[in-house]
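Student: Sequence and predicted structure, then a few things I'm wondering about:
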Amino acid sequence: MRTLIFLMLFSAAITAEAGAADKKKDTAYLKAAERFLKSDIVKQKNCNICHTIGKSGGTVGPILNQVSNRRSVEWLRKWLKDPNEVKPGTKMPNFQFSDIEIETIVGYLKEMKREIDGTEILARNSNLLEAGKDLFQSYDCLACHRIGKTGRFNGPNLTWLGIRKTRDWETVWLRDPDAYKPNTFMPNYHLEESEIEALVTYLESLTGGENETSREWESITAFFLDARPRERGRLVSERLACWSCHGPNLDEGERNPNAQPDGFVPPINTSYIDFEEEDLAAIIMQGSIPLKIDADGQTPPFSCPPWNDALDESELDDLLAFLNSIVPESAKWEFE
Ligand code: HEC
Ligand code: HEC
Ligand code: HEC
């Protein structure tokens, strides 16, 4: 009996030990982030005004805690040397770092990497949807994306992803974003096919479930900024991620093979003067499916989704005011 109790205690001690080791592994990236937060560089340059590092910080840039799960050392060097060269128009300043400073920063960022075992994550969840959600959280996709009122603004808001993109498209995208769209800012995670399958199952389930929390957040933000109608309209267009198809400035759409007239999603920066307001509202609320160039050819991958579940009347009004505000002066002049 005594040996049995002893064995039980002994094995419990081993399990506790293994648990502690797991935990230690899991939080190493956070400890590395805390070290970076306390470094001279962050103190001098205030990176945390824009970035969350450790538990707090700004919301302008991506959350940096797991940055090395998605960026290589070479990429980080290039980025720190001249962000604008990698992503033209970015809000990240060029700090004119010396090579030595860059190596110091990269030294910290390299450690900000979480050990993720995809196979284990797939095995510990009872279905693909749960596994996909777990992977999405483990890889910290909300470092750039947003669902409801959590996450950041450096990638398209995913609250309504499921109604605008297909599984097939998402699968191609996650395999290698840069192959689909050269120079995109979305990183390549070099995921296994089984991980992609689970992630896509989760992504397809995002059909507005967190819409109410986004909506509340927008109303409060607009109230405090006194930003109706135009700025709230902009926030609404961000929630629905119009830019994920119509381009970052809504003036240059994505490729849309075999879609009339030219195989691209149309720009919408002049829509406010191209259409009567009533017709514009109808396109937005009811959606629009492009005609094919070649009638026997492929169905164009993108159509304009119907947004009537995502918008109430005041939001639609503000969205229209926003579309009015982005019409370039030159286009108005041509129109008159
Ligand atoms: C004025 C805001 C601002 C400041 C200050 C700032 N950044 Fe950034 N940073 C950004 C933005 C915004 C991005 C994402 C690019 C985009 O969306 O345009 C970014 C991206 C990054 C990335 C890539 C993250 C990823 O996941 O790909 C790294 C690394 C980075 N910043 C490091 C730093 C460091 C180190 C400092 C301080 C020396 C710093 N940043 C200061 C705004 C800022
Ligand atoms: C460093 C920032 C960043 C991180 C982290 C990130 N993404 Fe992205 N993602 C982007 C950007 C930027 C785009 C838009 C790319 C473009 O149009 O060039 C994008 C686009 C997407 C899209 C298409 C969205 C749409 O509206 O059509 C999906 C899906 C996506 N990302 C999924 C993920 C998943 C899953 C993860 C985590 C494994 C992830 N992203 C992590 C930046 C990021
Ligand atoms: C999944 C990709 C996608 C998203 C997201 C999207 N659109 Fe579209 N949109 C399209 C496509 C494709 C067309 C062309 C439809 C056609 O030819 O009938 C289009 C057409 C339009 C048009 C008519 C433009 C024209 O000149 O014919 C307007 C206006 C428009 N979209 C507004 C929006 C707004 C506002 C949002 C965000 C609330 C949005 N779209 C989100 C794909 C998208």
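Tutor: Done, it's in. Ligands and ions are numbered 1, 2, ... in the order given.

Student: Correct me if wrong, but Lys113 is in a helix.
Tutor: No - judged by DSSP: H, G, I helix; E, B strand; the rest coil, Lys113 forms no part of a helix; its state is coil.

Student: which SS class is the nearest residue in space to it that is not next to it in sequence?
Tutor: Leaving out its chain neighbours, the residue that sits closest to Lys113 by CB to CB, 6 or more residues apart in numbering is Ser68, at 3.8 Å. Just so you know, the C-beta spots here come from the backbone N, C-alpha and C atoms, and that holds for glycine as well. Ser68 falls in the helix class when you classify it by three-state DSSP.

Student: Give me the neighbour count for Thr52.
Tutor: Neighbours of Thr52 under the rule other CB atoms under 10 Å: 20.

Student: correct me, but it touches Gln66?
Tutor: No - Thr52 is beyond contact range of Gln66, at 11.0 Å (criterion: CB atoms under 8 Å).

Student: Let me see the contact set for Leu225.
Tutor: With contacts defined as CB atoms under 8 Å, 6 or more residues apart in numbering, Leu225 is in contact with Glu231.

Student: Retrieve the pLDDT associated with the residue nearest to Lys113.
Tutor: Reported pLDDT at Ser68 in the predicted model: 98.

Student: any idea how far Gln66 is from Ser194?
Tutor: Separation of Ser194 from Gln66 (CB to CB, to the nearest Å): 21 Å.

Student: Looking at those two, which one has more neighbours?
Tutor: The residue with more neighbours, out of Ser194 and Gln66, is Gln66; 22 against 14, by other CB under 10 Å.

Student: list the buried ones in stretch 191-202?
Tutor: For stretch 191-202, the neighbour count (16 or more other CB atoms under 10 Å) marks Leu191, Glu195, Ile196, Glu197, Ala198, Leu199, Val200, Thr201, Tyr202 as buried.

Student: I misspoke; the intended subject was stretch 73-80.
Tutor: For stretch 73-80, by 16+ other CB under 10 Å, it's Leu76, Trp79, Leu80.

Student: Give me the distance from it to the chain's centre.
Tutor: Distance, stretch centre to chain centre, for stretch 73-80: 20 Å (CA atoms, centre = their mean, to the nearest Å).

Student: Enumerate every residue touching Val172.
Tutor: With CB under 8 Å, 6+ apart, Val172 has these contacts: Tyr180.

Student: Likewise for the one 5 residues further on?
Tutor: Contacts were defined as CB under 8 Å, 6+ apart; by that measure Pro177 touches Thr184, Met186, Pro187, Asn188.
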